[in-house]
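Visitor: Structure for this input, please:
(one chain, ligands or ions: 2)
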Amino acid sequence: MAISPRKAWGIIRSCVKPLGSVRKPLSDAFGHCLAQDVRADRDMPPADRSAMDGYAVGAADLTGFPCSLRLVGEVAAGSSATSEVPPGCCTSILTGANTPAGADTVVKIELTSLDGETVTIREPVKPFMNVRKRGEEARRGDVLLAAGMVLDPAAVGVCATVGLAGPKVRRRPRIALLCTGEELRDVSQSVKPHQTRNSNGPLMEAILAREGFDSVTHEIVPDDPKLTIDALRRATDAADMTILTGGVSVGKYDYVPDSVRAIGAKTRFYKIRMKPGKPVLYATRGRNSHIIGLPGNPVSVLTSMHVFVLPALRMLSGVSADDARPMLRLPLAGKVKSRSGRVYMALGRIVNKRSGPAVQPVGSMGSADIYAASFADGVLTVPASKTEMPAGEMVDFLPWRASL
Ligand code: AMP
Ligand code: MG
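Guide: Numbering: from 1, shown residues only. Ligands and ions are numbered 1, 2, ... in the order given. Just a heads-up that it's a prediction; the model follows:
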């Protein structure tokens, strides 16, 4: 029996478990989910450090202004600053350098003049200025990044700061794509009038590449029960997620539902009350291997990939169920009609109105209309109970990209 899209996602999220963890060199870790907490390996900053280019002085010497101090040396970022600043003296100091013993204040170079070995501070300066104190940002052992976070560029920078060259991250899923259809030809092949170019394969590869999923195999499978079973068995033996397109409906040559059963996989649901993409099938094989069968129409593939498949892949990668499908709530920029009585997943584009961002429905001729889909940047949800939603009404919008 067909179920609601909400129920379908509920079933998927209860079946998908995060994959195991591996250590990755930091240069390969970007985009992975952390499988460990990342802690400060030393105080941050590790010593009192200058935040300015100028002169390091003792606050006790800042009595009246202008005041003159004797220049006794220089500390640049990276120099170990072993010498001490005696009373009545200063050293030149550069941004990021440790303040030398005896100095607790940095005077900006712009407030001073230099004449031989004499530095004159022309304007009043407050004590202790322009020094970042040891441990001011974090103490050794503090958790800076928690397990479960996705390593974005800033988080990669944090790992480098604390000397974590090989963070423990979640393995990313291995993915197999099986495009079923007797009519299908690869993009590089010539096509006869009764044949169709396989657009779903490259479309899915691009969706997966945009999310950083790089372990993807792809093959075309003719409409043949034995070939479908063989391909499905091989795919699920090797992959964490097998995605099929086509052959999932009730037509004479739709072999996917029976093939799923034939390899011993457990069908968790078949058919969703949504448009497009009604005959979606979800099955599991073994502990954490997943099969999703999508209808062959390219727009159904585009929609279902974002509504169900990518969120499941993010969860396999270690993202929490709540973060795996980040819906936006936005006003409609134009009306949208629905006649299906099912939940309508309509293509939409984010436009910037004077009042802020809004979703403009993108006209589509039907579920084969991949051309219209190329103008969209996500899907909006029209509830099954509504035949029309006017401009201004709030809708759930799922952007193609998880982070805008
Ligand atoms: P099916 O779900 O197998 O009945 O296919 C539905 C429609 O989608 C048919 O018109 C197919 O030719 C088309 N189709 C199926 N697979 C693909 C594909 N990989 N690329 C482009 N069109 C496809
Ligand atoms: Mg087919």
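Visitor: Leaving out chain neighbours, which residue sits closest to Val250?
Guide: Pro279 (7.5 Å; CB to CB, 6 or more residues apart in numbering). Yep, even glycine has a C-beta here, placed from its N, CA and C like the rest.
Visitor: Next, count neighbours for that neighbour.
Guide: For Pro279, the neighbour count with other CB atoms under 10 Å is 21.
Visitor: In contact with it, which residues?
Guide: Contact analysis of Pro279 by CB atoms under 8 Å, 6 or more residues apart in numbering lists 248-250, 270-271, 293, 295.
Visitor: Name the residues of stretch 134-147 that are buried.
Guide: 134-135, 138, 144-145, 147 (16 or more other CB atoms under 10 Å).
Visitor: Could you tell me how many residues sit around the closest residue to Pro331 other than its chain neighbours?
Guide: Using CB to CB, 6+ apart and skipping the chain neighbours, the partner closest in space to Pro331 is Ala358 (4.8 Å). By the measure other CB under 10 Å, the count of residues near Ala358 is 21.
Visitor: out of the contacts of Pro279, which is most surrounded?
Guide: That'd be Gly293 among the contacts of Pro279, by other CB under 10 Å, with 28 neighbours.
Visitor: ok so that residue is a strand residue?
Guide: Yes. With DSSP: H, G, I helix; E, B strand; the rest coil as the criterion, Gly293 is assigned to a strand.
Visitor: before we move on, the earlier item: between the buried residues of stretch 134-147, which is closest to Ile3?
Guide: Relative to Ile3, the closest of the buried residues of stretch 134-147 is Ala147; by CB to CB it sits at 33.0 Å.
Visitor: Please tell me how far the closest one sits from ligand 2.
Guide: Ala147 sits 43 Å away from ligand 2, taking CB to the ion, to the nearest Å as the criterion.
Visitor: Please give me every residue in contact with that residue.
Guide: Contacts for Ala147 were tallied using CB under 8 Å, 6+ apart; they are 34-37.
Visitor: The same query, at a cut-off of 10 Å, please.
Guide: 21, 33-38, 168-170, 318 (CB atoms under 10 Å, 6 or more residues apart in numbering).
Visitor: Asp48 too?
Guide: Asp48 touches 56, 81, 98-101, 103-104, 106, 128, 131-136, counting by CB under 10 Å, 6+ apart.
Visitor: hmm, back to that, quick check: pLDDT value at the residue nearest to Pro331.
Guide: Model confidence at Ala358, given as pLDDT, is 97.
Visitor: same deal with the one 4 residues further on?
Guide: At Val362 the predicted local confidence, pLDDT, stands at 91.
Visitor: what distance separates the start and the end of stretch 265-283?
Guide: End-to-end distance for stretch 265-283: 6 Å, by CA to CA, to the nearest Å.
Visitor: Okay, buried residues for it please.
Guide: Judged by neighbour count using 16+ other CB under 10 Å, the buried positions of stretch 265-283 are 265, 268-283.
Visitor: How about the secondary structure of Arg314?
Guide: helix.
Visitor: Could you list the low-pLDDT ranges of this protein?
Guide: The chain contains residues with pLDDT under 70 at 81, 364-368, 402-404.
Visitor: ok, which residues in it are in contact with ligand 2?
Guide: Within the chain, the positions lying close to ligand 2 (CB under 5 Å from the ion) are 181, 246-247, 296.
Visitor: Checking Val301 next. Helix, strand or coil?
Guide: Secondary structure assignment for Val301 (three-state DSSP): helix.
Visitor: show me what contacts it?
Guide: 179, 199-201, 203-204, 207, 243, 245-246, 276-277, 294-295, 309, 367, 370, 373.
Visitor: measure it to Pro86 for me?
Guide: Noted for Val301: a distance of 75 Å to Pro86, by CB to CB, to the nearest Å.
Visitor: now Met274
Guide: For Met274 relative to Pro86 (CB to CB), the value is 78 Å.
Visitor: Hmm, Arg261 is touching Thr267, no?
Guide: Yes. Using CB atoms under 10 Å, Arg261 is in contact with Thr267, at 6.9 Å.
Visitor: Next, show the common contact partners of these two.
Guide: With CB under 10 Å, 6+ apart as the test, Arg261 and Thr267 both reach Ala283.
Visitor: in the helix or strand that Ser259 is a member of, what's buried?
Guide: Counting by DSSP states H and E, the element that carries Ser259 is helix 256-262. Applying a neighbour-count criterion of 16+ other CB under 10 Å, the buried positions in helix 256-262 are 256-257, 259-260.
Visitor: ok, the residues you listed vs Leu26, which is closest?
Guide: Out of the buried residues of helix 256-262, the member with the shortest distance to Leu26 (by CB to CB) is Val260, at 39.9 Å.
Visitor: before we move on, back to that, who wins for most neighbours among the contacts of Asp48?
Guide: Counting neighbours by other CB under 10 Å, Ala56 leads the contacts of Asp48 with 30 neighbours.
Visitor: Give me the number of neighbouring residues for Ser188.
Guide: Look at Ser188: counted by other CB under 10 Å, it has 6 neighbours.
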